[in-house]
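> I would like to see how this sequence folds:
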Amino acid sequence: MLKVRVAATAADGQGNAAVIALLSKALPRPKSQLTIVSGQTARLKRVALQNLSDADLTAAFGTPPP
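Residues are numbered from 1 along each chain as shown. Just a heads-up that it's a prediction; the model follows:
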């Protein structure tokens, strides 16, 4: 699980767009390869990442805790 916090408000999908933009920049991947699959109107979101390996995630965010 990865926790992110954005300053954008939830109004009009700005928060969702900010989460996608943040992950897109951190990974780096085009926004089109990231999709919020659940939690569009909730604080907790599940994001699908296309064409991304475990090595890509480790390079972007480090090794996950045990």
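> what helix or strand does the spatially most central residue of the chain sit in?
Within the chain, one residue has its C-alpha closest to the average C-alpha position: by Cα atoms, centre = their mean, that is L23, at 4.2 Å. For L23, the element it lies in under DSSP states H and E is helix 14-26.
> follow-up on the earlier one: the residue nearest to the centre of the chain touches L34, doesn't it?
Yes - with contacts defined as Cβ atoms under 8 Å, L23 counts as touching L34 at a distance of 5.5 Å. For the C-beta atoms, the positions are set from N, CA and C on the backbone; glycine is no exception.
> intersection of neighbour lists for those two?
Contact criterion Cβ atoms under 8 Å, 6 or more residues apart in numbering; residues bridging L23 and L34 by contacting each: 47, 49.
> in the helix holding L23, what counts as buried?
The neighbour-count check on helix 14-26 (16 or more other Cβ atoms under 10 Å) flags 15-16, 18-20, 23-24 as buried.
> what is the distance between it and the centre of its chain?
For helix 14-26, the gap between its own C-alpha mean and the chain's C-alpha mean amounts to 6 Å (Cα atoms, centre = their mean, to the nearest Å).
> that one - contacts with which helices or strands?
If contacts are counted by 3 or more Cβ pairs under 8 Å, 6 or more residues apart in numbering; DSSP states H and E, helix 14-26 sits against strand 34-38, strand 46-49.
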